[in-house]
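# Just to be clear, the model below is a prediction. Sequence and coordinates:
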Amino acid sequence: GESVGLHLPTLSVQEGDNSIINCAYSNSASDYFIWYKQESGKGPQFIIDIRSNMDKRQGQRVTVLLNKTVKHLSLQIAATQPGDSAVYFCAEGNFGNEKLTFGTGTRLTIIP
Amino acid sequence: ETGVTQTPRHLVMGMTNKKSLKCEQHLGHNAMYWYKQSAKKPLELMFVYSLEERVENNSVPSRFSPECPNSSHLFLHLHTLQPEDSALYLCASSPSIGRSTEAFFGQGTRLTVV
């Protein structure tokens, strides 16, 4: 079956630095990709999504890059803050299908 | 708070017990979802409801029984569970079917089966 995976399970970044979290996917037919943030004791929170016909999308302090050639997705967080500490995971989906395929997540720790 | 409330937050139950998880959303959404999040495993979709009708059941064992009495409430009835069913159970809602990218998640119920 198709799977979505993450390169690193943990990542520590100095406060104020930029962080990059990576995700590899295997379903080249996915229509869109989503990044979620999950803080301890909370449910996942939508951060940003990107459609498969785009290469880049920017939000507030976050940028998602999609490289369809190598089936790679990344989330860049600029000027990290302590509140950015959480588990981040990606998901992929298709229009008309409720089932998203999720990655296992990367734990990002911001060092004060 | 995301507008999706789950109770209880924590639940410990024996394998012979019957319990229910509750989810309530105050967002006016028409679609509701149950997900299972096990340790070190990806999030798994269990059930999808649209306007109180079940539209998806992802091969979930019958010991998990969902109920959606109205578009604001969703239950997950549990009976004769196994230790491997221990996980975080997350409820989510979205404006409608097909808009799962706009889903809001509850904080989850941490279930431990002993």
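That came through fine.
# okay, how far is it across stretch B:89-109, tip to tip?
With Cα to Cα, to the nearest Å as the measure, stretch B:89-109 spans 5 Å from end to end.
# Show me which residues of chain B sit near chain A.
Counting by Cβ under 8 Å from any Cβ of the partner chain, the positions of chain B adjacent to chain A are B:2, B:4, B:33, B:40-45, B:48, B:55-56, B:58, B:90, B:92, B:97-98, B:100-108. To be clear about C-beta, it is placed using only N, CA and C from the backbone, and glycine gets the same treatment.
# Provide a PyMOL selection command restricted to the buried entries of the residues you listed.
Only the buried entries of the residues of chain B next to chain A go into this PyMOL selection, using 16 or more other Cβ atoms under 10 Å in any protein chain shown:
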select buried, chain B and resi 2+4+33+42+43+44+45+48+56+90+92+97+100+101+103+104+105+106+107+108
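# Could you list the low-pLDDT ranges of chain B?
B:1-2 (pLDDT under 70).
# 80 instead, please
In the predicted model of chain B, residues B:1-2, B:40, B:56-58 satisfy pLDDT under 80.
# Also chain A?
In chain A, residues with pLDDT under 80: A:1-8.
# Run through the residues of it sitting next to chain B.
Of all the residues in chain A, those lying near chain B are A:4, A:32, A:34, A:41-46, A:49, A:89, A:91, A:93, A:95-96, A:98-105, going by Cβ under 8 Å from any Cβ.
# Quick one: the strands in the chain, in order.
Just so you know, I chose chain A. Secondary structure of chain A (DSSP state E): strands located at A:4-5, A:10-14, A:19-25, A:32-38, A:45-51, A:56-58, A:62-67, A:72-77, A:86-93, A:101-102, A:106-111.
# please go with chain B instead
Ranges of strands in chain B, per DSSP E, are B:4-7, B:10-13, B:18-25, B:31-37, B:44-50, B:53-57, B:64-70, B:73-79, B:87-94, B:104-105, B:109-113.
# Which of those strands sits closest to A:Val70?
Smallest distance to A:Val70 across the strands of chain B (Cβ to Cβ): 26.6 Å, for strand B:44-50.
# Report all helices and strands that that closest one contacts.
strand B:31-37, strand B:53-57, strand B:64-70, strand B:73-79 (3 or more Cβ pairs under 8 Å, 6 or more residues apart in numbering or on different chains; DSSP states H and E).
# The second one pairs with which strands?
Strand B:53-57 has the following strand partners under DSSP bridges: strand B:44-50 (antiparallel).
# what angle do the partner strand and strand B:31-37 make?
Strand B:44-50 runs at 170 degrees relative to strand B:31-37, counting by axes from the mean of the first three to the mean of the last three Cα atoms, to 10 degrees.
# related to what we said a few turns ago, and the helices and strands packed on strand B:44-50, which is most packed in?
Comparing the helices and strands packed on strand B:44-50 by mean neighbour count (mean count of other Cβ atoms under 10 Å in any protein chain shown), strand B:31-37 ranks first with a mean of 24.
# Out of the strands of chain B, flag the one nearest A:Ile21.
That would be, of those and by Cβ to Cβ, strand B:31-37, which comes in at 18.3 Å.
# which ones are touching the residue lying closest to A:Lys42 once chain neighbours are set aside?
Leaving aside its chain neighbours, A:Lys42 sits nearest to B:Gln107 (5.3 Å; criterion: Cβ to Cβ, 6 or more residues apart in numbering or on different chains). Shown in contact with B:Gln107 (Cβ atoms under 8 Å, 6 or more residues apart in numbering or on different chains): A:41-43, B:5-6, B:9.
# and the two most separated of those residues?
Pairwise distances across these (Cβ to Cβ) peak at 14.3 Å, for the pair A:Gly41 and B:Thr5.
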